[in-house]
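K.L.:
Dropping the sequence and predicted coords here.
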Amino acid sequence: MNSEPHVAIVGATGAVGREMLICLAERDFPLSKLTLLASARSAGQSLPFRGEEIVIQELTEDSFKDIDIALFSAGGGISEKFGPIAAEAGCVVIDNSSAFRMDPQVPLVVPEINPEAARNHPRNIIANPNCSTIITLMGLAPLHRAFGLKGLIASTYQAVSGSGAQGIVELENQTKALVSGSPIEKNVYPHQIAHNVIPHVDVFQDSGYTKEEQKMLHEGRKILDLPDLKVTCTCVRVPVMRSHSISVTAIFEKDPTVAEAQAVFSDAKGVDLRDNPSEGLYPVPLDTIGQDNCLVGRIRKDQVIPNALALWVVGDQVRKGAALNAVQIAEIL
Ligand code: A2P
């Protein structure tokens with residue numbers, strides 16, 4: 001791509017689509033034109049970008065004729081249908097859904113970890129990984145480079161905004177109902193999420209794990225190019241509005257000290273060390289909202305498994321877990 005690209009956002013009105021607009025503007029992304037696409041419900045409305053109002057258009061099969069890069073975040077069904085149509089039209093698709101992530105012809109990219117993979121995209125599609133996987137690997141990749149990752153045991157603490165706008169509304173409504181003593185309505189989650197935690201994200205499979213939990217395994221192997229990586233994961237929805245946290249035990253080839261592990265973050269890109277618990281310094285979700293960088297802390301020796309460290313990683317899943325990661329991939333192109 002020689003001149004500045006014509007970029008489209010598919011799902012521009014969604015939580016991630018809106019964050020993509022913010023990331024493109026903040027990063028001064030070089031583009032000749034920005035097209036905003038959503039459903040017929042939003043067509044004709046507009047969203048501000050760089051001081052102008054851009055009118056939203058309805059997504060159709062003809063939407064991609066002169067688009068160079070399309071950032072998709074309108075759900076898996078839309079990606080499955082319109083991703084290949086856009087790619088056929090010559091547009092490079094950067095897709096936020098899980099539709100193409102495990103296709104061997106589709107690179108799965110976290111720009112701080114495997115940027116070179118983005119350059120080889122034979123189907124004209126590049127996949128953005130799962131949000132919890134991105135944030136976990138942002139904390140683990142610098143340690144992997146230094147000490148050789150063999151396996152991980154992770155528990156996620158996932159914010160309701162990971163379920164889209166409807167998750168936020170459910171937590172808000174249930175919290176208000178609790179305060180006013182009104183009946184609690186459940187529309188999104190199988191249990192009340194206010195004042196609760198739910199060990200159930202995405203659908204259960206025969207293995208007893210959920211699909212979300214298995215994404216950490218399969219996507220982690222692909223991104224890190226570690227086909228034998230061992231992963232056990234428990235994904236939990238928590239009554240937090242935004243930003244996911246992950247408690248990880250990471251098992252390495254080498255046996256790092258805590259100081260050696262902390263030192264690798266001094267020049268790691270996209271992740272900052274916040275690790276002085278005696279001063280109350282450790283990552284919390286509220287400190288990462290709207291931030292590009294993930295935070296890592298609570299690094300300590302695992303007391304059960306040899307060559308292992310326990311740590312805590314937090315990141316804004318709407319931003320680094322979705323919108324920013326996609327825009328960073330577009331920057332590589
Ligand atoms: P719309 O606002 O017009 O419904 P979220 O996951 O935050 O709810 O966002 C979903 C995004 O996907 C929104 O931008 C939504 O647009 C878009 N979307 C949903 N269904 C369609 C569709 N059939 N065609 C195009 N965009 C769609």
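P.N.:
Nice, I can see it.

K.L.:
Which residues of this protein lie near the ligand?
P.N.:
Contact residues (Cβ under 6 Å from any ligand atom) of the chain with the ligand: 11-15, 17, 38-39, 41-42, 59, 74-75, 78, 164-165. For glycine as for every other residue, the C-beta is placed from the backbone atoms N, C-alpha and C.

K.L.:
Now, of these, which are buried?
P.N.:
11, 12, 13, 14, 15, 17, 38, 42, 59, 74, 78 (16 or more other Cβ atoms under 10 Å).

K.L.:
before we move on, the earlier item: and the residues of the chain next to the ligand, which two are furthest apart?
P.N.:
Farthest pair in the residues of the chain next to the ligand (Cβ to Cβ) is 59 and 165. Separation: 18.1 Å.

K.L.:
quick revisit: so, if you compare the buried ones among the residues of the chain next to the ligand, which one comes nearest to residue 90?
P.N.:
residue 59 (17.3 Å).

K.L.:
Give me the nearest residue to the residue of the chain found nearest the ligand, chain neighbours excluded.
P.N.:
Nearest residue of the chain to the ligand, counting by Cβ to the nearest ligand atom: residue 14, 2.2 Å away. Excluding its sequence neighbours, the residue lying closest to residue 14 (Cβ to Cβ, 6 or more residues apart in numbering) is residue 73, at 5.9 Å.

K.L.:
Pretty sure that neighbour sits against residue 96.
P.N.:
Yes - Residue 73 is in contact with residue 96 according to Cβ atoms under 8 Å; the separation is 4.1 Å.

K.L.:
The two: which is more packed in?
P.N.:
Ranked by neighbour count (other Cβ atoms under 10 Å), residue 73 and residue 96 place residue 96 first, with 29 against 25.

K.L.:
the strands in this protein, which residues?
P.N.:
6-10, 33-38, 46-49, 52-55, 57-58, 69-72, 92-95, 125-127, 149-158, 230-237, 244-252, 271-273, 294-301, 308-315 (DSSP state E).

K.L.:
Now mean pLDDT too, for these, in CSV please.
P.N.:
Listed next are the strands of the chain as CSV, based on pLDDT from 0 to 100:
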stretch, mean pLDDT
strand 6-10, 98
strand 33-38, 98
strand 46-49, 98
strand 52-55, 97
strand 57-58, 98
strand 69-72, 98
strand 92-95, 98
strand 125-127, 98
strand 149-158, 98
strand 230-237, 98
strand 244-252, 98
strand 271-273, 98
strand 294-301, 98
strand 308-315, 98
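
K.L.:
Show me the helices in the stretch 151-300 of the chain, by range?
P.N.:
For the stretch 151-300 of the chain, the helices defined by DSSP state H, counting those that start in this stretch cover 165-180, 211-224, 258-263.

K.L.:
Packed most tightly, which of the ones you listed would that be?
P.N.:
Stretch with highest mean neighbour count among the helices of the stretch 151-300 of the chain: helix 211-224 (a mean of 21; mean count of other Cβ atoms under 10 Å).

K.L.:
show me where pLDDT drops low in the chain?
P.N.:
1-2 (pLDDT under 70).

K.L.:
Report the residue ranges of every domain in it.
P.N.:
For the chain, automatic domain parsing gives the domain ranges 6-128+323-332, 133-317.

K.L.:
Mind checking the helices of the stretch 151-300 of the chain for the one nearest to residue 279?
P.N.:
With Cβ to Cβ as the criterion, residue 279 lies closest to helix 258-263 of these, at 14.4 Å.

K.L.:
Show me how far the closest one is from its chain's centre.
P.N.:
Here helix 258-263 is found 26 Å from its chain centre; the criterion is Cα atoms, centre = their mean, to the nearest Å.

K.L.:
Which strands or helices does that helix pack on?
P.N.:
Helices and strands touching helix 258-263, by 3 or more Cβ pairs under 8 Å, 6 or more residues apart in numbering; DSSP states H and E, are helix 131-147, strand 294-301, strand 308-315.

K.L.:
show me what contacts residue 261?
P.N.:
Residue 261 sits next to 143, 146, 147, 299, 309, 311 when contact means Cβ atoms under 8 Å, 6 or more residues apart in numbering.

K.L.:
farthest pair in those?
P.N.:
Greatest spatial distance among the contacts of residue 261 (Cβ to Cβ): 146 and 311, at 13.4 Å.

K.L.:
ok, back up a step: just send the strands of the chain back as JSON lines, with distance to residue 202 too.
P.N.:
Listed next are the strands of the chain as JSON lines, based on distance: least, Cβ to Cβ, whole Å:
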{"stretch": "strand 6-10", "distance to residue 202": "22"}
{"stretch": "strand 33-38", "distance to residue 202": "24"}
{"stretch": "strand 46-49", "distance to residue 202": "29"}
{"stretch": "strand 52-55", "distance to residue 202": "33"}
{"stretch": "strand 57-58", "distance to residue 202": "29"}
{"stretch": "strand 69-72", "distance to residue 202": "19"}
{"stretch": "strand 92-95", "distance to residue 202": "18"}
{"stretch": "strand 125-127", "distance to residue 202": "17"}
{"stretch": "strand 149-158", "distance to residue 202": "10"}
{"stretch": "strand 230-237", "distance to residue 202": "7"}
{"stretch": "strand 244-252", "distance to residue 202": "14"}
{"stretch": "strand 271-273", "distance to residue 202": "25"}
{"stretch": "strand 294-301", "distance to residue 202": "22"}
{"stretch": "strand 308-315", "distance to residue 202": "19"}
